[in-house]
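Undergrad: Got a sequence here, can you build the structure:
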Amino acid sequence: MIGIYLIGAVFISLSLFFNRNKKLHYSLVSLYFVLQCTLTIYEYVHLNEVQLEYFTPDALGIIFLVTLSLICGPALWHSYVYFETGKDIPRERSIYFAAMVLLLTALSAAYLSNHIAITWIFVELTTLSSSALIYHRRNLHTIEGTWKYLFVCTISITLVFIGILFLTLAIQQDGIKDLNYKVLFSQAPTLNVFWLKLSFLFVFTGFTSKASLVPMYTAGIDAKDKAPSPAGALFSSVLINMGFVGIFRLYEIISHTSILPWTNQILLISGVLSVFVATVYMLKVKNFKRMFAYSSVEHMGLIMLGLAAGGIGYYAAILHLILHSFTKSAMFFQIGQVYRIYKSKSVYDAGDYFRYNPTGSMILLLGFFVVTAMPPSGMFVSEFLIFTALFEANHFWLLAIILLLLTLIIWSLGKTIFRMIFIKPIGFNDTDVKKIPVIESLSQLVFLGFVIYIGVNTPTVLINLIHVAIQNLPK
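TA: Presented below is the predicted three-dimensional model:
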């Protein structure tokens, strides 16, 4: 099935790129969504079945493939709304949808890849397709963001490639020639420790550009800010998930070697610095899209802390990442509506949002409580489990610092959102403001409701998949 999917997706992407007919565009996009859903269902039914030698739908891959497919539909629909309510230039529409299809396809393949070199190839493809989405508006700001993204991600992907070369050296001394994750895991205790350390350092640093983690988080901030909101939603959810998967696959191998404590120290340092950097910038940034982008850096830092703490932290890290994906997608979809009204991303230009879009305002309020992990948000459950893991691992001072930083983030985010909703903007002319249909907020309400539902009653199938995904990690 994965072969049919890849061929079909590439054909659809090329058809979108070379065609300018609007009806055909939306027909092809709808066809791709059906293809994506078909792949997801097939891979779930054929769990752990090797396909085309280099793809295996294991529990971890299925979790994030399902997440992608659920976010994919609203992202494509909001992209349709984006063009219908703004400038609809056929050439730009062609490039936009072709790039989005290519991005979703590359992410799906990267999730299912069972070989680190194949994962690297599809990660590189996400860089190229994401760049086309960032540059969509074709102005000085977007070209700056595009070049910055290309520059940082090119360096990052080069670091991953060097890490793979070091991994090759680590396995050759034991006579292994296959970079398949399953083979590497089975031979993990015999791998050369020196080269394995170097490999993890380079691979981890490289993937932090996709995972929105310190040190290479900067590319993702500009990407989410400059790209249209539906694309920003994908960058803040499914693209970040791919970065996590790249790190997790190698971490799973290292977890059965003597360098696991050293590796956990690397994750702890990156996690704490990510939360700290997010706090500093969220306290001073006045661009609400960038604020939500830095919020992703904060949550990814927490996820790394959960992974490093071990125990229940493994489960909590993956659960938190899933919930973050739906929450942040909902917030970016809603920010697209905010931008349509105020034509600005500055918190000083936005205000009295409840007057112009009551439904959207309720989404922002609900999203604030969900993204800051307040009960009954499912993110409260996952964050509480992460804190529990840190406490059980005796990271008391670290936990105290994180709680202080999160308090500052909650204050900063709350101040911004309440200002946008209730305080009147200065000098805003509302004569041309058009009413936004309630249906445009439906997808956000469903996503946030889903996150709350998981906090109250986590589906058994999701619990089982997460436990299977982490079963090879130390207890």
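Undergrad: any idea which helix or strand carries V277?
TA: Element membership for V277 (DSSP states H and E) is helix 260-284.
Undergrad: Which strands and helices lie in contact with that helix?
TA: helix 193-211, helix 238-254, helix 288-309, helix 396-422 (3 or more CB pairs under 8 Å, 6 or more residues apart in numbering; DSSP states H and E). Quick note: C-beta positions are derived from backbone N, CA and C, even for glycine.
Undergrad: next SSE after the third one?
TA: Spelled out, that is helix 288-309. According to DSSP H and E, the helix or strand after helix 288-309 is helix 312-342.
Undergrad: List the contacts of the next helix or strand after that following helix.
TA: Where DSSP H and E defines the elements, the next helix or strand beyond helix 312-342 is helix 353-356. For helix 353-356, the external contacting residues (CB atoms under 8 Å, 6 or more residues apart in numbering) are V338, I341, G360, S361, L364, M420, I421, F422, D430, V433, K435, I436.
Undergrad: So which of those is the closest to I312?
TA: Closest approach between those and I312, by CB to CB: L364, at 31.7 Å.
Undergrad: Go ahead and confirm that closest one touches F418.
TA: No - L364 lies out of contact with F418 (CB atoms under 8 Å); the separation is 9.2 Å.
Undergrad: Among those two, which residue is more densely surrounded?
TA: L364 (25 against 13; other CB atoms under 10 Å).
Undergrad: dump the residue contacts of that one.
TA: Taking CB under 8 Å, 6+ apart, we find L364 in contact with M331, Q334, V338, Y353, I417, M420, I421.
Undergrad: Was I right to think the second one contacts S443?
TA: No - counting by CB under 8 Å, Q334 sits too far from S443 to count as a contact (9.6 Å).
Undergrad: of those two, who's got more company?
TA: Ranked by neighbour count (other CB under 10 Å), Q334 and S443 place Q334 first, with 30 against 21.
Undergrad: Quick check: pLDDT value at that one.
TA: Note for Q334: predicted pLDDT of 94.
Undergrad: Low-confidence stretches in the stretch 301-450 of the chain?
TA: For the stretch 301-450 of the chain, no stretch has pLDDT under 70.
Undergrad: Ends of stretch 228-243, what's the gap?
TA: 21 Å (CA to CA, to the nearest Å).
Undergrad: mean confidence for that stretch?
TA: On average, stretch 228-243 scores 94.
Undergrad: picking that back up, check the contacts of helix 353-356 and tell me the two furthest apart.
TA: Pairwise distances across the contacts of helix 353-356 (CB to CB) peak at 19.3 Å, for the pair F422 and K435.
Undergrad: For these two, indicate the residue with more neighbours.
TA: F422 (14 against 8).
Undergrad: For that one, which non-adjacent residue is spatially closest?
TA: Spatial nearest neighbour of F422, chain neighbours left out: F354 (6.4 Å); criterion: CB to CB, 6 or more residues apart in numbering.
Undergrad: What about I426, how many residues nearby?
TA: 8.
Undergrad: no no, D430
TA: Neighbour tally, D430, other CB under 10 Å: 11.
Undergrad: Could you do F333 as well?
TA: Applying other CB under 10 Å, we find 27 residues neighbouring F333.
Undergrad: I'd like to know how far it sits from P189.
TA: To P189, F333 is 46 Å away according to CB to CB, to the nearest Å.
Undergrad: surely A110 meets F122?
TA: Yes - with contact defined as CB under 8 Å, A110 counts as touching F122 (4.1 Å).
Undergrad: so V275 touches I402, yeah?
TA: Yes - counting by CB under 8 Å, I402 is a contact partner of V275 at 5.9 Å.
Undergrad: Give the residues shared as contacts by these two.
TA: Counting by CB under 8 Å, 6+ apart, the contacts common to V275 and I402 are L302, L305.
Undergrad: from the helices and strands packed on helix 260-284, which stretch is densest packed?
TA: Ranked by mean neighbour count, the helices and strands packed on helix 260-284 are led by helix 288-309 with a mean of 27 (mean count of other CB atoms under 10 Å).
Undergrad: Please name every helix or strand in contact with it.
TA: Using 3+ CB pairs under 8 Å, 6+ apart, helix 288-309 sits against helix 218-226, helix 229-235, helix 238-254, helix 260-284, helix 312-342, helix 378-392, helix 396-422.
Undergrad: let's see 6 Å
TA: helix 218-226, helix 260-284, helix 312-342, helix 378-392 (3 or more CB pairs under 6 Å, 6 or more residues apart in numbering; DSSP states H and E).
Undergrad: and E144, how many neighbours?
TA: With other CB under 10 Å as criterion, E144 counts 14.
Undergrad: and if you look at K224?
TA: Other residues close to K224 by other CB under 10 Å number 29.
Undergrad: burial count for I363?
TA: Counted with other CB under 10 Å, the neighbours of I363 add up to 24.
Undergrad: The one 10 residues further on too?
TA: Using other CB under 10 Å as the criterion, A373 is surrounded by 24 other residues.
Undergrad: Tell me who's in contact with it.
TA: Taking CB atoms under 6 Å, 6 or more residues apart in numbering, we find A373 in contact with M379, F380, E383.
Undergrad: Now G220. Nearest residue, chain neighbours left out?
TA: Nearest non-adjacent residue to G220, counting by CB to CB, 6+ apart: S212, 4.4 Å away.
Undergrad: hang on, that neighbour packs against T218?
TA: No - assessed by CB atoms under 6 Å, S212 is found out of contact with T218, at 9.5 Å.
Undergrad: Pick out whichever of those two has more residues nearby.
TA: Higher neighbour count among S212 and T218: S212, with 31 against 16, using other CB under 10 Å.
Undergrad: what's the spacing between the more buried one and M304?
TA: Using CB to CB, S212 is found at 11 Å from M304.
Undergrad: Give me the distance from the longest helix anywhere in the chain to the chain's centre.
TA: In the chain, taking DSSP state H as the definition, the longest helix is helix 140-172. On the basis of CA atoms, centre = their mean, to the nearest Å, helix 140-172 sits 18 Å off its chain's mean C-alpha point.
Undergrad: go on, stretch 286-297?
TA: Distance of stretch 286-297 from its chain centroid, counting by CA atoms, centre = their mean, is 14 Å.
Undergrad: Same check on stretch 260-280?
TA: In terms of CA atoms, centre = their mean, the centre of stretch 260-280 is set 18 Å apart from its chain centre.
Undergrad: Please apply the same query to stretch 399-409.
TA: Using CA atoms, centre = their mean, the offset of stretch 399-409 from its chain centre is 23 Å.
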